[in-house]
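>>> take this sequence and fold it.
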Amino acid sequence: MNINGLHIGIIGAVRSGVSAALLCKEKGGIPFVSDFRKLEEMQEVAEKLKSENIDFEFGVHSEKLFNSDLIITSPGVPTNSYPIQEALKRGKKVISEIEFAYLFCKSEIVAVTGTNGKTTTTSLISHILTEAGRENIAAGNIGFPFSQAVREISENGVIVLEVSSFQLDFVEKFKPNVAILLNITPDHMDRYENNLQKYIDSKMRIVENQTENDVFIFNAEDEVILRNLPANKSMNYGFSLKEKLLNGIYLENGKFIISENGKTEEIAELSELSLRGEHNWMNAMSAILASKKVGISNISIKKAISSFKSVEHRLELVKEENGIKFINDSKATNPDSTYFALRSFDGNIKLVLGGKDKGNDYSLIEAEVLKRVKKIYAIGSSAQKVYDYFKDKVEVELIVEFAPAIKKAICECKHGEVLLFSPACASFDQFNNYEERGREFKKLVLENE
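Residues are numbered from 1 along each chain as shown. Coordinates of the predicted model:
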């Protein structure tokens, strides 16, 4: 795409927005960054933009933004927000940061989406490629902007891209060489107007531009995915723990098997996988198959899956002391993710639950709570909702503030129990993001020596 001399407005001045501005400038465009936050909150970003001679505004979305030739939106900006809706009303073309970066990407792309498991799967694929000596960058929703990865990687490399539904909302030409769809369960209903089909349609956009030379890997056990499979042209492969597949990867007698038109190949044994829990077995299957499709050998895959460490804030063992396991699962921002966290332990769980509710349905975890949880500590802005739902089912204590709740839970844990921080909610009521929330949990646990 030739953007030389074009005025390009960028909504949002966090990592993706700044990186898009730098890519825009490098390619000859004239970037203008606009963010509703006050300048005093964004001093560091402002200094960065000044040093690069990039124009910006904070605390307002002015006419200068809407007079742009093209507008790029960062993933954290809601589709129904004023700047996006105003731009569309004026007939301006709005694209996502991943769409913009894709227009200048010359490397292979493996893109991973789904409600849960994206970060673990993206990290595992990147780890496999790294162990095999293949140049790669893990980017996107994982925290490293796609626009920056495009600027840094060579044509021979692979960008392993974690993609959220928000990032897919404004794509037009984006086309990964390998697309992975892990699962779909209700999430972000506050952003999608409580319309699950809108959320599903957004996820499905990951494959809409693929051709017969591209690969689509999907969860063959997910009923929502199966009901909504697109009529795409790409080569389709499923993954399943429960059934043998003609084309895909499955688990049989403790072994990961890849099948192509019924011709099978044993890749590795389940016992060689370092991750725990059936949900992670599913993530690993998609990662193994994607790695094969970009040319990684079985030997390299076997070695890598045994040495991979779980990502931070996802079922992360903070410490084990006096027979108590302290688990940081701050990345669990919806009930489905907490469901899998609960199933990763046999029982004796003290569960910290709550935060910014996104329209959660706690019946999704009720059976596992009744089976495995001894007590719930209800926290955050959704504390009352959590308390009201579970108060007649299991012991619940309502402690809105984060630190007092964690300290109380730590003090009450006994030998043989698990303190599981798996909130099933977003962090934005008390924290800037789930990473900050997870770090605070770990700090409180490690301080309690």
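
>>> contacts only, for the most centrally placed residue in the chain.
Residue closest to the average C-alpha location in the chain (CA atoms, centre = their mean): K118, at 4.5 Å. By CB atoms under 8 Å, 6 or more residues apart in numbering, the contact set of K118 is V112, N141, I142, E162, V163, S164, L182. Using the backbone N, CA and C atoms, a C-beta is placed for each residue, glycine as well.

>>> sort out which of the residues you listed are buried, if you could.
Among these, the ones that count as buried by 16 or more other CB atoms under 10 Å are V112, N141, I142, E162, V163, S164, L182.

>>> in JSON lines: these, plus distance to F340 and secondary structure.
Formatted as JSON lines, the buried ones among the contacts of K118 follow (distance: CB to CB, whole Å; DSSP: H, G, I helix; E, B strand; the rest coil):
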{"residue": "V112", "distance to F340": "17", "secondary structure": "strand"}
{"residue": "N141", "distance to F340": "19", "secondary structure": "coil"}
{"residue": "I142", "distance to F340": "19", "secondary structure": "coil"}
{"residue": "E162", "distance to F340": "18", "secondary structure": "strand"}
{"residue": "V163", "distance to F340": "20", "secondary structure": "coil"}
{"residue": "S164", "distance to F340": "18", "secondary structure": "coil"}
{"residue": "L182", "distance to F340": "11", "secondary structure": "coil"}
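
>>> quick one: which of these is nearest I206?
Closest approach between the buried ones among the contacts of K118 and I206, by CB to CB: V163, at 6.3 Å.

>>> need the contacts of K118 in TSV with pLDDT and distance to N448, can you?
Shown next, in TSV, are the contacts of K118 (pLDDT from 0 to 100; distance: CB to CB, whole Å):
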residue	pLDDT	distance to N448
V112	97	36
N141	85	32
I142	85	30
E162	95	33
V163	93	38
S164	85	34
L182	95	35
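
>>> I'd like those laid out as TSV, including distance to I296.
Shown next, in TSV, are these (distance: CB to CB, whole Å):
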residue	distance to I296
V112	16
N141	23
I142	19
E162	19
V163	21
S164	26
L182	19
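
>>> look up the closest residue to I142, ignoring the ones flanking it.
Leaving aside its sequence neighbours, I142 sits nearest to E162 (CB to CB, 6 or more residues apart in numbering; 4.3 Å).

>>> one more: G323?
Nearest one to G323, counting by CB to CB, 6+ apart, is H415 at 3.6 Å.

>>> residues in contact with that neighbour?
Applying CB under 8 Å, 6+ apart, the residues contacting H415 are N322, G323, I324.

>>> and it, that one's in a strand?
No. Going by DSSP: H, G, I helix; E, B strand; the rest coil, the assignment for H415 is coil, not a strand.

>>> tell me the pLDDT at it?
Turning to H415, the model gives it a pLDDT of 93.

>>> now for the worst-scoring helix or strand of the chain on mean pLDDT, which elements pack on it?
Ranked by mean pLDDT, DSSP states H and E, the weakest helix or strand in the chain is helix 165-168, scoring a mean of 84. When contacts are defined as 3 or more CB pairs under 8 Å, 6 or more residues apart in numbering; DSSP states H and E, helix 165-168 sits against strand 94-96, helix 97-102, helix 196-204.

>>> any idea how far it is from the middle of the chain?
11 Å (CA atoms, centre = their mean, to the nearest Å).

>>> quick one: end-to-end distance for stretch 382-399.
The first residue of stretch 382-399 is 11 Å away from its last residue (CA to CA, to the nearest Å).

>>> ugh, wrong one, I meant stretch 401-421
First-to-last residue span, stretch 401-421, CA to CA: 14 Å.

>>> ok, S19 - contacts?
E97, P145, F146, S147, Q148, R151.

>>> not counting sequence-adjacent ones, nearest residue to E208?
Nearest to E208 is P230, by CB to CB, 6+ apart, at 6.6 Å.

>>> ditto for E312
G438 (6.9 Å).

>>> burial of that neighbour, as a residue count?
23 (other CB atoms under 10 Å).
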